[in-house]
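Chemist: What follows is a predicted protein model with its sequence.
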Amino acid sequence: QKEVEQNSGPLSVPEGAIASLNCTYSDRGSQSFFWYRQYSGKSPELIMSIYSNGDKEDGRFTAQLNKASQYVSLLIRDSQPSDSATYLCAVSQRQAGTALIFGKGTTLSVSS
Amino acid sequence: GAVVSQHPSRVICKSGTSVKIECRSLDFQATTMFWYRQFPKKSLMLMATSNEGSKATYEQGVEKDKFLINHASLTLSTLTVTSAHPEDSSFYICSARIIMLETQYFGPGTRLLVL
């Protein structure tokens, strides 16, 4: 059973702090990794994709991938109340073209 | 960026009627589209994978005769909820995958309420 695990939270951070969201996956054959943000009542929105080990930065967001440890993380710097949402980690399957495997999501709450 | 639309955004219907939801990729071609359902405060649940020109692949427990999926072109997939019942009330979300990439882009979702 391929799995993607996330801590459900809620993760609470004060405004301006760094929020760190973590994700582990079970399938060593996975090659593509994604972070989506979902606001309450809305559909998921792609934030970051990462394909190789190391860090990838995009504005206030940094995705980190460690394939040996089967671990993906998302750092949000200078967190804002508008970042309060559920963050979904998604991982590709070995078979190309099949649906991404989603974690259950971590709820982030940024207080002002 | 890749844009996926859904129509309608919200629908209220009587029990026993059928409802069709459209999912369109607006600025890219999608050989594969996916249909999800999400109940309040619950996780996304994959219902089916839709490939252009072929029959959809349904996840275990999803009734293919109740949730009819058609993917007639590279930019359009439809989900028809047949003989809808109150327990089918949910948030239905489609996503589309760009050819040759694994990235999925989500539509805005359709909120279905069956009375």
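Modeler: Everything's here; your move. Numbering: from 1, shown residues only, chains lettered A, B, ... in the order given.
Chemist: Every contact and neighbour count from this point should use C-alpha atoms.
Modeler: Fine.
Chemist: which element is the residue nearest the centre of chain B on?
Modeler: For chain B, the residue sitting closest to the mean C-alpha position, by CA atoms, centre = their mean, is residue B:35 at 3.7 Å. Assigned by DSSP states H and E, residue B:35 belongs to strand B:30-38.
Chemist: what's across from residue 12 in the sheet?
Modeler: This is for chain A. residue A:109 (DSSP bridges).
Chemist: ah, no, chain B please
Modeler: residue B:113.
Chemist: Kindly provide the distance from it to residue B:83.
Modeler: To residue B:83, residue B:12 is 13 Å away according to CA to CA, to the nearest Å.
Chemist: picking up where we left off before, and the residue nearest to the centre of chain B, what is it in contact with?
Modeler: B:46-50, B:79, B:92-95 (CA atoms under 8 Å, 6 or more residues apart in numbering or on different chains).
Chemist: could I get those as CSV with secondary structure, distance to residue A:46 and pLDDT?
Modeler: Shown next, in CSV, are the contacts of residue B:35 (DSSP: H, G, I helix; E, B strand; the rest coil; distance: CA to CA, whole Å; pLDDT from 0 to 100):
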residue, secondary structure, distance to residue A:46, pLDDT
B:46, strand, 17, 96
B:47, strand, 20, 97
B:48, strand, 20, 96
B:49, strand, 19, 95
B:50, strand, 20, 92
B:79, strand, 23, 98
B:92, strand, 18, 98
B:93, strand, 14, 98
B:94, strand, 14, 98
B:95, strand, 11, 97
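Chemist: between those, which has the most around it?
Modeler: residue B:94 (31 neighbours; other CA atoms under 10 Å in any protein chain shown).
Chemist: Just flag the most distant two among the contacts of residue B:35.
Modeler: Greatest spatial distance among the contacts of residue B:35 (CA to CA): B:50 and B:92, at 14.5 Å.
Chemist: What parts of chain B come near chain A?
Modeler: Taking CA under 8 Å from any CA of the partner chain, the part of chain B that reaches chain A is made up of B:32, B:34, B:43-44, B:49, B:93, B:97, B:102-109.
Chemist: Buried subset of those residues as a PyMOL selection?
Modeler: PyMOL command restricting the residues of chain B next to chain A to the buried ones, with burial defined by 16 or more other CA atoms under 10 Å in any protein chain shown:
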select buried, chain B and resi 32+34+44+49+93+97+102+103+104+105+106+107+108+109
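Chemist: What is the nearest of the residues of chain B next to chain A to residue A:110?
Modeler: residue B:43 (21.3 Å).
Chemist: Now, the residues of chain B next to chain A that are in strands?
Modeler: B:32, B:34, B:49, B:93, B:97, B:104-106 (DSSP state E).
Chemist: Just give me the neighbour total for residue A:25.
Modeler: 23.
Chemist: Give the bridge partners for it, please.
Modeler: residue A:4.
Chemist: So it versus residue A:106, what's the distance?
Modeler: Applying CA to CA to residue A:25 and residue A:106 gives a distance of 15 Å.
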